[in-house]
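Trainee: model this:
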Amino acid sequence: MNILLIDSIDLPFGGAHSVHVGLLMKGLLENRENAFLIIPYGHKREVLSLNKKRVGHYDAIPYFFVHQDIHANKIIRLVNKFIAVFHTAGLIYRRRNKKKVDAIILGGAVDIIRDSPIIFMCAILRIPLYIWFVEKMSLNIYSGIPGFLNHWSQKMTEAFLPCFASGVIVISSYLKKHYLKYLMEDKILISPILVSQNMQNTTMRNTKYIAKEKLDLKCNCKYLLVYSGSYGEKDGIFYLIDAFAKVVKKYPDTLFIMTGKNDSKIIMSSVESYIHLHNLQDYMQLVGFVNSEELFYYNHFADILFACRTNSPFANHGFPWKLGEYCMTCKPIIATKVSDIELYFKDNDDLLIVEPSNSKAIADKIDFVLSNYDEALVIANKGKETALKNFGYLEKTREIIDFIKVNNNF
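Mentor: Okay, here's the model as predicted:
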């Protein structure tokens, strides 16, 4: 079967999204399907600094960049996104004529207006189209007129796009419940996060972009705490900072590193102000966006990792992708009780789970880990076993392949 995966990721940069697209591609290929990755456009210009080829292979994944955009102007970049999508639709047409496409998986922040050329091309050519939903984007918090338009575009996407799809792949039971309003149950597949036993080994081999100072972090503190994310409302950043302010009084030789960033300067400024309000500037570092190799080393040296989402509709409809990467490190992970976490993990057995939006609960769990680290490591090792059992990429991509074949009688 010839499967096209269309997703605008930042190969080889990007965060958990890029990692999971890579694992999905590897799973399709290793399950003996002919899969090809099409990237209409990238979000971060760092992509171009390393990857100047529009077509090729990265880590054995065949890819094609449809449109590379280095413009900073938001209007120009928006126009270029539409141009990239039109070019992608043309590419689908040419591949269909050559009998090189049997089904398409459309992932990322899918938008029924922006992605309409792809959607209509699939409808005209009768190509089975599967939408990969990992969030309920209409629940995101938007501002201004562009935000208002984006909100209603996402509402339309969630309501009408299933009508054009052969099926949907969702990340959580909450999303499945939503799409049951529009599709029969056999047209919906829950496919949560993906993990690989070799995630660490692969990253360890790709070390040429790692600055030496990343390897010396443990020399500067006794305990290292690491958070990675987008600093959005769902991420619970301020609860984490509140918790750390309580912990650092007992463990002053602790460093808390936060990677990632939010595109909003207002949000990032508020995070920095909140850190200063608690006088934590000497105990915390905001290192910004890092590539996957750098992130690996932060996670590798961490004593505790965090996936502490808030109890919000947006967070509950998703699932923390980074949790899979964290589990593969065998380091203690503190996660909040949101979405489907408790369907897969049990507190103090294979994961350290706390109530969401509760800084005291997070602080108490940090204290427990640092005071009982050997016990926490046993929990972390069991967490890796649980992750491999529930989220192994080969098995989960096999389920996706079977889902597509059954729905289209392949």
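Trainee: Spatially, what comes nearest to Phe64 if we skip its sequence neighbours?
Mentor: Val55 (4.7 Å; C-beta to C-beta, 6 or more residues apart in numbering). Using the backbone N, CA and C atoms, a C-beta is placed for each residue, glycine as well.
Trainee: list the contacts for the one you found?
Mentor: Contacts for Val55 (C-beta atoms under 8 Å, 6 or more residues apart in numbering) come out as 63-65.
Trainee: Which of those sits closest to Leu189?
Mentor: Tyr63 (24.1 Å; C-beta to C-beta).
Trainee: Poorly predicted segments of the stretch 151-300 of the chain, please.
Mentor: Scanning the stretch 151-300 of the chain with the threshold set as pLDDT under 70 gives 199-220.
Trainee: which residues of it fall in helices?
Mentor: 173-179, 199-205, 212-215, 237-250, 265-277, 292-301 (DSSP state H, counting those that start in this stretch).
Trainee: can you redo those helices as CSV with mean neighbour count and distance to Pro320?
Mentor: Below are the helices of the stretch 151-300 of the chain laid out as CSV (neighbours: other C-beta atoms under 10 Å; distance: least, C-beta to C-beta, whole Å):
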stretch, mean neighbour count, distance to Pro320
helix 173-179, 19, 13
helix 199-205, 15, 16
helix 212-215, 12, 23
helix 237-250, 20, 13
helix 265-277, 13, 19
helix 292-301, 20, 14
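Trainee: In CSV: those, plus distance to Val226.
Mentor: Formatted as CSV, the helices of the stretch 151-300 of the chain follow (distance: least, C-beta to C-beta, whole Å):
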stretch, distance to Val226
helix 173-179, 27
helix 199-205, 15
helix 212-215, 12
helix 237-250, 11
helix 265-277, 16
helix 292-301, 5
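Trainee: Do you know the pLDDT at Gly56?
Mentor: Note for Gly56: predicted pLDDT of 82.
Trainee: Distance check, Ser18 against Asn262.
Mentor: Here Ser18 is placed at a distance of 18 Å from Asn262 (C-beta to C-beta, to the nearest Å).
Trainee: With Ile275 instead?
Mentor: Counting by C-beta to C-beta, the gap from Ile275 to Asn262 is 14 Å.
Trainee: coming back round to it: what separation is there between the residue nearest to Phe64 and Val66?
Mentor: 10 Å.
Trainee: in stretch 400-410, what's buried?
Mentor: Buried residues in stretch 400-410, counted by 16 or more other C-beta atoms under 10 Å: 400-401, 403-404, 407.
Trainee: Ok, stretch 227-239 next?
Mentor: Those would be 227-229, 231-239, for stretch 227-239 by 16+ other C-beta under 10 Å.
Trainee: In the chain, what residue spans correspond to strands?
Mentor: Counting by DSSP state E, one finds strands in the chain at the ranges 2-6, 34-39, 55-58, 61-65, 103-106, 129-133, 167-170, 188-190, 223-228, 254-259, 284-288, 304-307, 333-336, 352-354.
Trainee: could I get these as JSON lines with distance to Leu370?
Mentor: Shown next, in JSON lines, are the strands of the chain (distance: least, C-beta to C-beta, whole Å):
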{"stretch": "strand 2-6", "distance to Leu370": "42"}
{"stretch": "strand 34-39", "distance to Leu370": "42"}
{"stretch": "strand 55-58", "distance to Leu370": "39"}
{"stretch": "strand 61-65", "distance to Leu370": "39"}
{"stretch": "strand 103-106", "distance to Leu370": "42"}
{"stretch": "strand 129-133", "distance to Leu370": "38"}
{"stretch": "strand 167-170", "distance to Leu370": "37"}
{"stretch": "strand 188-190", "distance to Leu370": "35"}
{"stretch": "strand 223-228", "distance to Leu370": "6"}
{"stretch": "strand 254-259", "distance to Leu370": "8"}
{"stretch": "strand 284-288", "distance to Leu370": "17"}
{"stretch": "strand 304-307", "distance to Leu370": "8"}
{"stretch": "strand 333-336", "distance to Leu370": "11"}
{"stretch": "strand 352-354", "distance to Leu370": "12"}
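Trainee: coming back round to it: looking at the contacts of Val55, which one is closest to Ile341?
Mentor: Closest to Ile341, out of all of the contacts of Val55 and judged by C-beta to C-beta, is Tyr63, at 32.1 Å.
Trainee: so that closest one makes contact with Ala35?
Mentor: No. Tyr63 is beyond contact range of Ala35, at 10.5 Å (criterion: C-beta atoms under 8 Å).
Trainee: Could you check how many residues crowd around Gln197?
Mentor: Residues near Gln197, counting by other C-beta atoms under 10 Å, number 13.
Trainee: contacting residues for the residue lying closest to Gly232 once chain neighbours are set aside?
Mentor: Leaving aside its sequence neighbours, Gly232 sits nearest to Asn262 (C-beta to C-beta, 6+ apart; 6.3 Å). Shown in contact with Asn262 (C-beta under 8 Å, 6+ apart): 230-232, 268, 271.
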